[in-house]
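Asker: here is my input; please provide its structure:
(one chain, ligands or ions: 1)
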Amino acid sequence: MIRFTLFRVPIEIQPWFWITGALIGGAIGTTDQIGLMRLLIFMAVMTISILVHEFGHALTGRYLGGGSPRIVLWAFGGMAYNQGARLSRNHLFWMIFMGPAAGFILLALTLAVVFLIYGVQGGTWLTTLIIFNEPVGDPTIEALTLLRDHLPRFFILDALIWINFWWSVLNLIPVLPLDGGRIAELYVTPRHKALLISAITGATVAAVAWIGFDRLYTAVLFGYLAFRNYKDYQSKKW
Ligand SMILES: [Zn+2]
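Answerer: Residues are numbered from 1 along each chain as shown. Have a look, this model is predicted:
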């Protein structure tokens with residue numbers, strides 16, 4: 001267990017965070033030194049990116065409603081708690097929304113650097129290759145050189161762009177306890193209907209991720225969340 005304090009926010013990193021992080025980073029298929037370097041870079045960037053996301057929640061919550069926030073990184077990502085904060089519904093919306101928004105800001109800064117260095121053509125090719133595994137347009141010589149001769153730099157950009165795009169987008173999906181689900185919960189009545197919305201959306205995302213994109217981790221995560229939300233919905237329905 002790692003504990004430290006940053007911007008007056010206590011942070012706790014649980015052992016499971018590293019294990020699931022290594023699995024998402026492809027630890028099982030890692031056999032050589034370059035693969036190990038890529039995995040370590042991925043895990044470092046993942047830790048920083050998830051902390052940036054959680055600080056988006058924690059600092060916005062403290063700015064709007066006071067309280068004493070703390071951050072825990074665990075198996076499926078992170079959680080920001082804010083004990084003693086007094087927040088209206090609009091304040092809660094901004095506190096939740098600023099998590100994914102912080103990720104998008106880090107993504108935008110990274111893309112600004114990529115497009116400054118590699119130009120529009122090279123930047124577009126690299127960005128679409130990283131996010132969708134399907135590059136748009138033709139590569140430039142500089143972009144190809146990055147992939148061939150500057151692997152550590154490529155792995156850093158790769159992880160920064162991939163994690164901050166997908167982590168922010170996935171978190172906005174309306175499935176509890178993700179941020180999108182917590183935003184839905186603020187606005188639907190009766191409140192427990194958010195559990196049903198979460199179960200249906202979660203099951204749909206799991207099916208699309210598995211059948212359409214062959215992303216097993218995403219499918220398992222959303223399948224599990226759908227199941228839990230459905231159970232919670234059933235217990236609160238009557
Ligand atoms: Zn969040």
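
Asker: ok, now which ones touch the residue in the chain that the ion sits nearest to?
Answerer: Going by C-beta to the ion, the ion is nearest to G99 of the chain, at 3.2 Å. Just so you know, the C-beta spots here come from the backbone N, C-alpha and C atoms, and that holds for glycine as well. By C-beta atoms under 8 Å, 6 or more residues apart in numbering, G99 lies in contact with 53-54, 56-57, 80, 171, 179.

Asker: in strands, which of the residues you listed fall?
Answerer: A80 (DSSP state E).

Asker: pLDDT-wise, what's the bottom of the contacts of G99?
Answerer: Among these, A80 carries the lowest pLDDT, at 89.

Asker: can you give me the helices in the protein?
Answerer: With DSSP state H, the ranges of helices along the chain come out as 15-24, 33-65, 89-132, 141-149, 151-171, 179-187, 193-207, 216-237.

Asker: TSV for those helices, including distance to F4?
Answerer: Below are these laid out as TSV (distance: least, C-beta to C-beta, whole Å):
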stretch	distance to F4
helix 15-24	14
helix 33-65	11
helix 89-132	19
helix 141-149	33
helix 151-171	21
helix 179-187	24
helix 193-207	33
helix 216-237	27
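
Asker: got the domain ranges for the chain?
Answerer: Using automatic domain parsing, the domain parsing of the chain gives 2-172, 173-238.

Asker: using PDB, write out the CA atom coordinates for stretch 184-199.
Answerer: The C-alpha coordinates for stretch 184-199 follow below in PDB (Å, rounded to 0.1, in the frame of the first residue of the first chain):
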ATOM      1  CA  ALA A 184     -27.500  10.500 -14.700                       C
ATOM      2  CA  GLU A 185     -28.400   9.700 -11.000                       C
ATOM      3  CA  LEU A 186     -28.500  13.500 -10.300                       C
ATOM      4  CA  TYR A 187     -31.200  14.100 -12.900                       C
ATOM      5  CA  VAL A 188     -33.500  11.000 -13.100                       C
ATOM      6  CA  THR A 189     -36.500  10.500 -10.800                       C
ATOM      7  CA  PRO A 190     -37.000   8.300  -8.900                       C
ATOM      8  CA  ARG A 191     -33.300   8.100  -8.300                       C
ATOM      9  CA  HIS A 192     -33.000   4.300  -8.400                       C
ATOM     10  CA  LYS A 193     -34.100   4.400 -12.100                       C
ATOM     11  CA  ALA A 194     -30.400   5.300 -12.700                       C
ATOM     12  CA  LEU A 195     -29.600   1.700 -11.600                       C
ATOM     13  CA  LEU A 196     -31.800   0.300 -14.400                       C
ATOM     14  CA  ILE A 197     -30.300   2.700 -16.900                       C
ATOM     15  CA  SER A 198     -26.900   1.600 -15.700                       C
ATOM     16  CA  ALA A 199     -27.800  -2.100 -16.100                       C
END
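
Asker: what's it in contact with?
Answerer: Contacts of stretch 184-199 (C-beta under 8 Å, 6+ apart): 89, 92-93, 96, 174-176, 181, 225-227, 229-230, 232-233, 236-237.

Asker: quick one: that stretch to chain centroid distance?
Answerer: With C-alpha atoms, centre = their mean, to the nearest Å as the basis, the distance from the averaged C-alpha position of stretch 184-199 to the chain average is 22 Å.

Asker: ok, stretch 183-199 next?
Answerer: Computed by C-alpha atoms, centre = their mean, the chain-centroid distance of stretch 183-199 equals 21 Å.

Asker: residue numbers of this structure in contact with the ion?
Answerer: 99, 179 (C-beta under 5 Å from the ion).
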